[in-house]
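Undergrad: Need a 3D model of the following:
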Amino acid sequence: MADLIHSEVRASILHELSQIEDKHDVRILYACESGSRAWGFESKDSDYDVRFLYVRPRDWYLSIDVERRRDVIELPIDEELDINGWDLRKALQLFRKSNPPLLEWLNSPIVYLEKGVCANRMRELSPATFNPIAAHYHYLRMAENNYKAHLRGQRVRRKKYLYVLRPLLAVLWINQEKGVVPTEFDKLVQGVVDDVELVREIESLLRAKRAGKEVDAGPRYPRIHDFIDNELTRHRAAPAAPEPIQVDNHRLSELFREILGTDEMDLL
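TA: Numbering: from 1, shown residues only. So this is what the prediction gives:
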C-alpha cells in the first residue's frame, strides 16, 4: 500500500518523537496516526494527530509514588501537529477496559514506528480482552453527543456528519458480533451498511469532505440524516445492557513485566 503520509511530514514527525525520547528519558514503543487521517476522511487542511505508547526505565516504576506520577506526554498543539502519548502502564490499564481510542491506535493504517513486541502482543490479546458492552456505550454516547451539538441545523459541517455516522456504524458492527471495531471508516461501511442508496450518499459526503476544508458546511444529506435519527431512536429504546465483566489482569501484567524485564529498552 502506498505511503499515506508525505515523506517530509513523516520525517518531521519522527524527529519530534526522537526529541520526546531524549527530553523525557523514555523509549517510544509504537506511534501512529489517529483521527480523520486514520479513519480515511481527512480534509485538505486536516492536521496530523500522532499518538504513541512509551515506556520509562524500570526504576521509574519501582517507586512508592508511581500512581501520582504523570503518565502522559503532550506537546503543544500547533496548526499542523497534535502529538501526545501514554505510558505503557496507563495504556495497559485502559486496554483491559477495551478503551476504543487505544484499540483504534493499535489498528491504525498509518504507523510511524513500531519497535519490540508490545503493540503486536496487544493486538493479539485484543480479541480475548475486547468488551463489546463497554465499546457499545462508548460509541453510542459519542454519536449522541455529537448529534446534539452539531446536527440540528439546516446546514451542517460535513465532518460532524462523519463524527456521528462513524460511531453509529461502530455500534452496528459490535451488535453484529463482528469483534474489535476497525479503524478505517470504509471497512465499517462495507461491513454493516446494506442500503445501496445510503452507501451512495455516504460516498458523496466523503468526496466532499476530502475535497474541502475542515470548516466547510452544506445542506443536510437526507438519507444519512434519516439513518442517524432512526438508529439513535432505536438504541434509546433498547433495554439496558448488563454490567461489563472486568478482564483478568494476569496476562497484561505479564506483558508489562516482559517489556521491562527484557533487553527491549536497549534495542530501542
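
Undergrad: so Glu211 sits right up against Lys44, yeah?
TA: If you look again at residue 211, you'll see it is Ala, not Glu. Yes: the criterion here is Cβ atoms under 8 Å, and Ala211 meets it with Lys44 at 7.2 Å. Bear in mind the C-beta positions are built from the backbone N, C-alpha and C, glycine included.

Undergrad: Stretch 181-199 spans what distance, first to last residue?
TA: End-to-end distance for stretch 181-199, by Cα to Cα, to the nearest Å: 19 Å.

Undergrad: Same question for it: list its buried residues.
TA: For stretch 181-199, the neighbour count (16 or more other Cβ atoms under 10 Å) marks Val181, Pro182, Thr183, Glu184, Phe185, Lys187, Leu188, Val189, Val192, Leu198 as buried.

Undergrad: do you know how far the fourth one is from Leu4?
TA: The one in question is Glu184. 11 Å (Cβ to Cβ, to the nearest Å).

Undergrad: which residues are common contacts for the two?
TA: Pro109 (Cβ atoms under 8 Å, 6 or more residues apart in numbering).

Undergrad: Figure out the length between the terminal residues of stretch 34-53.
TA: 13 Å.

Undergrad: Identify each buried residue in that stretch, please.
TA: For stretch 34-53, a neighbour-count test (16+ other Cβ under 10 Å) marks 34-43, 46-53 as buried.

Undergrad: average pLDDT across that stretch?
TA: For stretch 34-53, the per-residue pLDDT values average out at 94.

Undergrad: roughly how far is the helix or strand where Leu232 lies from the heart of the chain?
TA: Using DSSP states H and E, Leu232 falls within helix 222-237. Chain-centre distance of helix 222-237: 23 Å, with Cα atoms, centre = their mean, to the nearest Å.

Undergrad: All set now, cheers.
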